[in-house]
Every structure is written in C-alpha cells, then in structure tokens.
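>>> Sequence plus the predicted model coming up.
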Amino acid sequence: MFPDAGELQLLELIDKEYTQHPFYGSRKIMHYLRKEGYKINRKRVQRLMRMLGLAGMAPGPNTSKPHPEHKIYPYLLRGVNVIRPNQVWSTDITYIRLPKGFMYLVAVIDWYSRKVLSRRLSNSMESTFCVDCLQEALRKYGTPEIFNTDQGAQFTSTAFIGALAEHPSIRISMDGRGRALDNIFVERLWRSVKHEDIYLKGYSSAAEFQCGLKEYFVFFSYERPHQSLGYSTPDKVYRAATGGGARIVDKYKKLNKPTEELKVKEGQRLSAA
C-alpha cells in the first residue's frame, strides 16, 4: 500500500532527523517524533525506517540484512590508509521524499578524493539501478583496487557481484554487521545533498528532481570547496592525485558510559563499544 499524506510527512521527518544524526536508532527517532507532537510507538517507527532502508549506525544486532542465499565478503579496510585515487570506492543508497511519492538514490564515491563517480535514481529498491550505477563508474573511471559496500540485498545480489566479478582485479569488501565505521564518506555526501539542495528546493516532481540533482552533483564535485580537501574540489584532487586521503580507524573503545555518542574526526570515525 502506498503511504498516505500523513505517513509521507512522518517519513520526511524521520529522513531529515536521521540525515542530521545517522547514529540514531528507532528509540531516539521515536522520542524525536513525540517531541514534535506525534503520538507514535517504536513499532511504527521501526516499520517506517524499514521503508526508508534506514538503521542506526551504532553497533547493534540486525543493522544490515543480506539476502540469506547471497555470499558475504570479508571487510578489507581495517586500518588501511587510502593514499591514492581509485584505491577504494564505496556505494550506498538513500531515500528521497517527493510530494507524490519517494525515490531512492545510489551513488559510487572515490574515498581518496570524495568525488562522486556515478549516481542513479529509482522508485524501488531493486538491484538494477545499483548495477547500472556501478557499471557507469567502471566505464568512466576504470577499476578500483577495493570496492566496499554494506551487506544489503542490492549489493550482495548475483547481478551486482557479477558486475564486479567481471573485473578480477577488484577486491570486494563488505561492512560487518553493526559497524559504525565504514560508510562515513557516503553518509557525508547524503547529508550535503539533502541539506544543501533537496530540503532547500523542495522538488515537486521526479523530472524536476532529476534535473536539479544533476546540477547539484556537478557543483559538488567540480565547484564546491571541501574543508577536508584543503578547500579544493573532489574533481581537482581526483585528477591531481594529491590533497586527499582517508583512514578508517578500526578500534572499539571500552566506554564507561554506554550512551556516549560516536566521535568523528576528520576522515575517521571511532565507534562506541
């Protein structure tokens, strides 16, 4: 059943709050909505978050659910220094709410430069648009040494893994369940595109959104200065192979306070135990 107007409003609020605080799980989202005046229980919040494909980033059970018959690959980025373009790429999906429905956006990003290599829109969570996005990036930019995804069914699908397997030099890496470390650059991209474009412009149709998104991604990669890149642009850093880099620290700290928030440093994320 398609969401009604009231449910679409809740989906938009959840998406905005999650984009601002991606470590929030269903409990914190529920309390946020109650403060906004909505009488809502956690079970409904969980259902709405599942519709958006969202899960809190803090370590916990069942934060990523692969298809039971799909192969899961090991995580290969533990302590790796990303020191050159095309060393590590990753991908992820986010939800976009429009007045008459909602769509899903997938992108492939180069970790060294933060450059968006390709992106696709879809009105469903089928794997086809993810495969198309991957193939465009490979066609335009060659192959990465490591390609990292989460364990979502779209990225563990036979079609997606098959597209990667056509390039034997690519090593496939997948985030472990409950990890809070591994997709920070794509998460930052989603936060930027939503707060700097989508929420401000309020697109009224899929066609209008498609055109606006194209303009924003040109701006993001070719014009927008990035603080983490020394105020250079992702495209310039990607082409020059200088001024970028990343390292994801794989260290779980023992905390006295279990509610301590995730600590984020430039290009790094430390997780709570």
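Here it is on my side, so go on. Numbers count the residues shown, from 1 in each chain.
>>> switch to C-alpha atoms for all contacts and neighbour counts from now on
Fine.
>>> residues of stretch 192-206 that come out buried?
Judged by neighbour count using 16 or more other Cα atoms under 10 Å, the buried positions of stretch 192-206 are 192, 193, 194, 197, 198, 203, 206.
>>> Kindly provide the distance from residue 37 to residue 26.
17 Å (Cα to Cα, to the nearest Å).
>>> correction: residue 208
32 Å.
>>> Compare neighbour counts for the two and give me the winner.
Counted by other Cα atoms under 10 Å, residue 208 and residue 26 do not tie: residue 26 has more neighbours, with 22 against 11.
>>> That one contacts residue 46, correct?
Yes - with contacts counted by Cα atoms under 8 Å, residue 26 reaches residue 46, the gap being 5.8 Å.
>>> picking up where we left off before, CSV for the buried residues of stretch 192-206, including pLDDT?
Shown next, in CSV, are these (pLDDT from 0 to 100):
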residue, pLDDT
192, 90
193, 92
194, 88
197, 92
198, 89
203, 88
206, 87
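>>> now, which of these lie within helices?
Among the buried residues of stretch 192-206, the members found in helices (DSSP state H) are 192, 193, 206.
>>> buried residues in stretch 144-153?
Within stretch 144-153, the residues that count as buried by 16+ other Cα under 10 Å are 144, 146, 147, 148, 149, 150, 151, 152, 153.
>>> out of those, which are inside strands?
Taking DSSP state E, the ones among those that sit in strands are 146, 147, 148, 149.
>>> got the domain boundaries for this structure?
5-52, 81-240 (automatic domain parsing).
>>> Give the rounded mean pLDDT of the first one.
So the one you mean is domain 5-52. Domain 5-52 comes out with an average pLDDT of 86.
>>> change the start of the numbering to 409 and stick with it
Sure thing, new numbering starts at 409, so read that last one as domain 413-460.
>>> can you tell me the distance between the two ends of it?
16 Å.
>>> and if you look at the longest one?
Across domain 489-648, the straight-line distance between its terminal residues is 18 Å, by Cα to Cα.
>>> How far off centre is it?
Here domain 489-648 is found 7 Å from its chain centre; the criterion is Cα atoms, centre = their mean, to the nearest Å.
>>> contacting residues around stretch 435-455?
421, 422, 425, 426, 434 (Cα atoms under 8 Å, 6 or more residues apart in numbering).
>>> mind checking the SS state of the first one?
Assigned with DSSP: H, G, I helix; E, B strand; the rest coil, residue 421 falls in the helix class.
>>> Next, count neighbours for it.
17.
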